[in-house]
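Participant: Quick check, what structure comes out for this input:
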Amino acid sequence: MKVLKIQQNSEEWLEFRKGKSGGSEFKDLWIPGYPLKSKIIAELEKDGQPLPPEDKKLAVADLAGMLEPEELAELKLAGEPKERFYEIIAERVARPITPNDYIDRLGGAPFSMMERGHILEPEAIAMFEERTGKKVDDESVVWISDYDDNAYVSPDGVITNKDGKATEAIEVKCLSSAKVVKAFLEKKYPKEYAPQVLKYFMVNDDLEVLHFVIYTDVIPGLDIQIFDIKREEMEQQYTEAKVFEKVILQRINKAAEKIESLSF
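Facilitator: Residues are numbered from 1 along each chain as shown. Reported below is the predicted structural model:
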């Protein structure tokens, strides 16, 4: 063990903590308990040697005890690490997101991650065009569905085919550095945006591909990630989601009409 003399809560101490696992932070990394019993058994049998039937009846804790500590740790992390895992990596590789860096582009508005996204969106579109060779129309538009005028989506960019149909769209996200790192390591866009992705295909029947773009200006080398989501990959999901939205909007419309009628 090494001992470093440093004043807690000082500027030096705060800087030292970045990208590290401290005592108070470890709870945000530690995954308690055990993996699923089936996962442990699969790990124990990975070399092709089946467990005896009596061993398979053992309690999860006993089966976990048959693994090497490193194997157990890897098995826990095979699910999904906690968010702090990605935050620590981001603290090591990313510059801090500093409001002062954007003050001349805020137009008097207070800084927020949403405002940062609006500022960086044109940069993201320009880099998308450079990387893909596609020409993007980034004119602000809203697509309104044919199944209900209250169902819409606002694309950040549109690519039309020779017939003038909007067959490709761009959705830009300028996320926290931890989320940018997570998307890169997991090789997928954040799952919380899945409903928004579905909405594109629900509203635009001509849409063939949605380019989900993650952009950052604070992680060199990881400035843009492009996830191409194709209609055929989402068909069952967006079909179910469209029916759900039709039904729920019908309920909303009826409820709103009923309340509005009370004023007459």
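
Participant: rest of the way, CA atoms for contacts and neighbours
Facilitator: Noted.

Participant: what residue ranges in the stretch 101-250 of the chain are flagged as low confidence?
Facilitator: Residue ranges of the stretch 101-250 of the chain with pLDDT under 70: none are present.

Participant: So which residues of it form helices?
Facilitator: Taking DSSP state H, counting those that start in this stretch, the helices of the stretch 101-250 of the chain run over residues 113-132, 177-186, 194-203, 231-261.

Participant: Buried residues, the helix or strand harbouring residue 62. List them.
Facilitator: Using DSSP states H and E, residue 62 sits in helix 60-64. Within helix 60-64, the residues that qualify as buried are 60, 63-64, counting by 16 or more other CA atoms under 10 Å.

Participant: related to what we said a few turns ago, which one of the helices of the stretch 101-250 of the chain lies closest to residue 55?
Facilitator: Nearest of the helices of the stretch 101-250 of the chain to residue 55, taken as CA to CA: helix 177-186 at 33.8 Å.

Participant: what sits against the residue nearest the centre of the chain?
Facilitator: Geometric centre of the chain, nearest residue: residue 190, 1.7 Å, by CA atoms, centre = their mean. For residue 190, the contacting residues are 179, 183, by CA atoms under 8 Å, 6 or more residues apart in numbering.

Participant: Can you report phi and psi for it?
Facilitator: phi -60, psi 130 (degrees, to the nearest 10).

Participant: Moving C-terminal from the helix holding residue 62, which element do we reach first?
Facilitator: Using DSSP H and E, the next helix or strand after helix 60-64 towards the C-terminus is helix 69-79.

Participant: Name the residues of stretch 108-121 that are buried.
Facilitator: Quick answer for stretch 108-121 (16+ other CA under 10 Å): 115-118, 120-121.
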